[in-house]
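>>> When you get a sec, could you give me coordinates for this:
(one chain, ligands or ions: 1)
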Amino acid sequence: MKIEDVMNICVVGAGNMGHQIAVCCALAGYKVICTDISQEMLNKAEGFAKSYLPERVVKGKLTQEQADNALANLRFTPSLEEAAGEADFVIEAAVEKMDIKRKLFADLDRIAPSHAILATNSSYIVSSQVADATKRPDKICNMHFFNPALVMKLVEVVQGPHTSTETAQITMDLSAKLGKIAVWLKKEIYGFLVNRILSALAQEALFLADMGIATPQEIDLAVTNALGHPMGPFRLMDLTGIDLSYYSAMERYQTSRDPKDKPSPLVVEKYTKGEWGKKTKKGYYTYE
Ligand code: CAA
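Numbers count the residues shown, from 1 in each chain. I've put the predicted structure just below:
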């Protein structure tokens, strides 16, 4: 397969990442079907596209024609069969739970055409952990976007030991077609590049907050004003989801059994209270 053969894209998951990845692909001219088991999430995603695209026209960032074409390219359905049945490329952006992803990949392998590449947007589950649930491991890789996916330029393409170079190359090419800057990781590593660097920063920030040295808000003020980051680590956790910080730390701890990999007390407290950040309207900050 070549990049020119990719026309239909299926995005699995209409959550934090999936809805924006779907709009990104539709803006690049692909026919996109976004699917989710939750009709409520699909309605929210469709509502987002219908308000975001006209807003970009008003802002002068898109022409009316570009916005209309993107909307016409985009469909939402709860049926995985309908969404993946004619896909040339699938981007899985479902919940970060291993058993769910393995089941999804087995289903996608059954449903999607045999030439289709199945990529996971997972930020920490390497694709070798799902590739063996399919009969096409050479067509499985990580394609990792950043939040908000419509804004952040980077995509990490991770080639596992099972991933063919052709699959990684097409994924790199697709990222470029979406207007992204892609980096090609030739080996799998937990957290890839960016989240490894980010988690070092977040771990230190959580340690300082857990020790009562400063509040999360003060630590954010320090990082934004001294290091020039657009947001501090706590506001960023609110954006990406404190539930995700919890799951990724648990996943890491279950693999390493190293107590220092356990989620920090503050993350456990927020996770348990259901204060997961922007998506629940409360995390380290409160949102309207
Ligand atoms: N969705 C879509 N577009 C958005 C957006 C959103 N949620 N939030 C902001 N934007 C757009 C705005 O429309 C605006 O676009 P234009 O300039 O083209 O008009 C632009 O972003 C700037 O927005 P604002 O002026 O409102 O706000 P800002 O300057 O504070 O930028 C931000 C907001 C882009 C989120 C910026 O704060 C930022 O870059 N933050 C850091 C984000 C980051 O580090 N992301 C990586 C997270 S790690 C991760 O994603 C790992 C993972 O595995 C999930």
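
>>> what sits against Asp109?
The neighbours of Asp109, taking C-beta atoms under 8 Å, 6 or more residues apart in numbering as the test, are Leu118, Ala133, Thr134, Lys135, Arg136. C-beta coordinates here come from the backbone N, C-alpha and C atoms, glycine included.

>>> Report all helices and strands that the longest helix anywhere in the chain contacts.
Taking DSSP state H as the criterion, the chain has its longest helix at helix 39-58. Applying 3 or more C-beta pairs under 8 Å, 6 or more residues apart in numbering; DSSP states H and E, we find helix 39-58 packed against helix 18-27, strand 31-35, helix 64-73, strand 74-77.

>>> that older thread, are any of the contacts of Asp109 buried, and if so which?
Buried by 16 or more other C-beta atoms under 10 Å: Leu118, Ala133, Thr134, Arg136, out of these.

>>> quick one: Met1 and Asp88 touch, right?
Yes: with contacts counted by C-beta atoms under 8 Å, Met1 reaches Asp88, the gap being 7.5 Å.

>>> Are there residues contacting both of the two? Which ones?
Common neighbours of Met1 and Asp88, using C-beta under 8 Å, 6+ apart, are His115, Ile117.

>>> who's more crowded, the two?
Counted by other C-beta atoms under 10 Å, Met1 and Asp88 do not tie: Asp88 has more neighbours, with 21 against 14.

>>> Spit out the contact partners of that one.
Met1, Asp5, Val6, Met7, Asn8, Ile9, Pro113, His115, Ala116, Ile117.

>>> how does it look with 7 Å?
If a contact means C-beta atoms under 7 Å, 6 or more residues apart in numbering, then Asp88 has Asp5, Val6, Met7, Asn8, His115, Ala116 as its contacts.

>>> roughly how far apart are it and Val6?
Going from Asp88 to Val6 by C-beta to C-beta, to the nearest Å gives 5 Å.

>>> The stretch 51-200 of the chain against the ligand: which residues are in contact?
Taking C-beta under 6 Å from any ligand atom as the measure of proximity, the stretch 51-200 of the chain contacts the ligand at Lys59, Lys61, Ser123, Phe146, Asn147, Pro148, Leu150, Val151, Met152, Asn195, Leu198.

>>> how many other residues sit next to the last one?
Burial measure for Leu198: 17 neighbouring residues, criterion other C-beta under 10 Å.

>>> Leaving out sequence neighbours, find the closest residue to Lys135.
Asp109 (5.9 Å; C-beta to C-beta, 6 or more residues apart in numbering).

>>> Please apply the same query to Ser114.
Arg136 (7.0 Å).

>>> re earlier: export the longest helix of the chain as PDB, just CAs?
Extracted in PDB, the C-alpha atoms of helix 39-58 (Å, rounded to 0.1, in the frame of the first residue of the first chain):
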ATOM      1  CA  GLN A  39     -23.900   7.900  21.700                       C
ATOM      2  CA  GLU A  40     -23.400  10.800  24.200                       C
ATOM      3  CA  MET A  41     -19.700  11.100  23.300                       C
ATOM      4  CA  LEU A  42     -20.600  10.900  19.600                       C
ATOM      5  CA  ASN A  43     -23.200  13.700  19.900                       C
ATOM      6  CA  LYS A  44     -20.600  15.800  21.800                       C
ATOM      7  CA  ALA A  45     -18.000  15.200  19.100                       C
ATOM      8  CA  GLU A  46     -20.500  16.100  16.300                       C
ATOM      9  CA  GLY A  47     -21.500  19.200  18.200                       C
ATOM     10  CA  PHE A  48     -17.900  20.200  18.500                       C
ATOM     11  CA  ALA A  49     -17.200  19.800  14.800                       C
ATOM     12  CA  LYS A  50     -20.400  21.800  14.000                       C
ATOM     13  CA  SER A  51     -19.400  24.700  16.100                       C
ATOM     14  CA  TYR A  52     -15.500  24.600  15.700                       C
ATOM     15  CA  LEU A  53     -15.500  24.700  11.900                       C
ATOM     16  CA  PRO A  54     -17.800  27.700  11.500                       C
ATOM     17  CA  GLU A  55     -15.800  29.500  14.300                       C
ATOM     18  CA  ARG A  56     -12.600  29.000  12.300                       C
ATOM     19  CA  VAL A  57     -14.300  30.600   9.300                       C
ATOM     20  CA  VAL A  58     -15.400  33.600  11.400                       C
END
